[in-house]
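Engineer: With the input below, show me the fold.
(one chain, ligands or ions: 1)
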Amino acid sequence: MKQLEERILRDGQVLSNTVLKVDSFLTHQVDVALMKEIGQVLSNFFKDAGITKVVTIEASGIAPALYVAEALEVPMVFAKKSKNITMTEGILTTEVYSFTKQLTSQVSIAEKFLSDSDRILIVDDFLANGQATMGLIDIIEQAGASVESIAIVIEKSFQNGRQRLEEAGHKVVSLARIASLENGRLEFAPADV
Ligand code: 5GP
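Structural biologist: Numbering: from 1, shown residues only. Sure thing, here's the model as predicted:
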């Protein structure tokens, strides 16, 4: 997605050889017009896939996921990273190691929001080593639902997330793919959309 790549080049900050900061438009402050465009691009791509729900993980996946769900006219469900007292009914949980926070946390979705007839599109802000996405897949499969595809805003192709997901039989569609962040220089690989 050309517009996204241009924005990453303009406003992304390379923090290290492995970490990109995009807090001015995606992970903290959110550019709503850009999210809307992401929603349009992904809904065009998946319009015939029979998606019934978009699933993401809090917090930074929520903004893009919401606009994809709006464009596909389906609900969006986000996995929660901590249980709270209002989650009294059956919940599906899994453990996820966070690449950026460097800690493992339990994430959950109430089982009433997923069913075995659901065809899920997972949407997330970043794909690094695939831990967040693998956790979501685990929860979705516990519910008996199927994962149609995984849509990623920014994939870091030099990490092994895509490979792990593809080896597990999943389709990955990334709007921007970063080949390298070495020595402060950002290089793209060809994106899927
Ligand atoms: P994974 O689970 O694929 O290893 O990492 C994906 C998650 O870690 C994303 O949901 C995102 O929140 C966070 N993440 C991974 N790499 C980066 C990065 O370079 N920059 C930012 N801002 N977040 C990242």
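Engineer: For beta bridges, what are the partners of the residue nearest the centre of the chain?
Structural biologist: In the chain, the centroid-proximal residue (C-alpha atoms, centre = their mean) is Asp124; its distance is 1.0 Å. With DSSP bridges as the criterion, Asp124 is bridged to Ile152.
Engineer: Wait, it touches Gly135, no?
Structural biologist: No - Asp124 is beyond contact range of Gly135, at 10.5 Å (criterion: C-beta atoms under 8 Å). Glycine gets a C-beta too; all of them are placed from N, C-alpha and C.
Engineer: Identify the contacts common to these two.
Structural biologist: Both Asp124 and Gly135 are contacted by Ile57, under the criterion C-beta atoms under 8 Å, 6 or more residues apart in numbering.
Engineer: picking that back up, I'd like to check which residues are in contact with the residue nearest to the centre of the chain.
Structural biologist: 56-57, 60-61, 64-65, 132-133, 136, 150-153.
Engineer: now do Val107
Structural biologist: Residues near Val107 by C-beta under 8 Å, 6+ apart: Ile57, Ala79, Lys80, Lys81, Thr93, Thr94, Glu95, Val96, Gly135, Leu136, Ile139.
Engineer: Okay, and it sits in which element?
Structural biologist: strand 104-110 (DSSP states H and E).
Engineer: List the buried residues of that strand.
Structural biologist: By neighbour count with 16 or more other C-beta atoms under 10 Å, strand 104-110 contains the buried residues Val107, Ser108, Ile109.
Engineer: Show me what the first one bridges to in the sheet.
Structural biologist: Val107 has these beta-bridge partners by DSSP bridges: Thr94.
Engineer: now stretch 70-81, how far from the chain's geometric center?
Structural biologist: Centre-to-centre, stretch 70-81 and its host chain are 11 Å apart (C-alpha atoms, centre = their mean, to the nearest Å).
Engineer: List the contacts of that stretch.
Structural biologist: Against stretch 70-81 from outside (C-beta under 8 Å, 6+ apart): 39-40, 42-43, 46-47, 51-58, 61-62, 65-66, 68-69, 87, 96, 105-109, 113-114, 121, 135-136, 139.
Engineer: Show me what secondary structure element comes after the helix ranked longest in the chain.
Structural biologist: Taking DSSP state H as the criterion, the chain has its longest helix at helix 32-45. Next helix or strand after helix 32-45 toward the C-terminus (DSSP H and E): strand 53-57.
Engineer: quick one: contacts for Ser24?
Structural biologist: Residues in contact with Ser24 (C-beta under 8 Å, 6+ apart) are Asp11, Asp31.
Engineer: And for Ala128?
Structural biologist: Per C-beta under 8 Å, 6+ apart, neighbours of Ala128: Thr18, Phe99, Lys156, Gln159, Gly161.
Engineer: if we can go back for a sec, so for the contacts of Val107, which is the shakiest by pLDDT?
Structural biologist: Among the contacts of Val107, Lys81 carries the lowest pLDDT, at 91.
Engineer: among the contacts of Val107, which two are most distant?
Structural biologist: Greatest spacing in the contacts of Val107, by C-beta to C-beta: Lys80 and Glu95 (13.6 Å).
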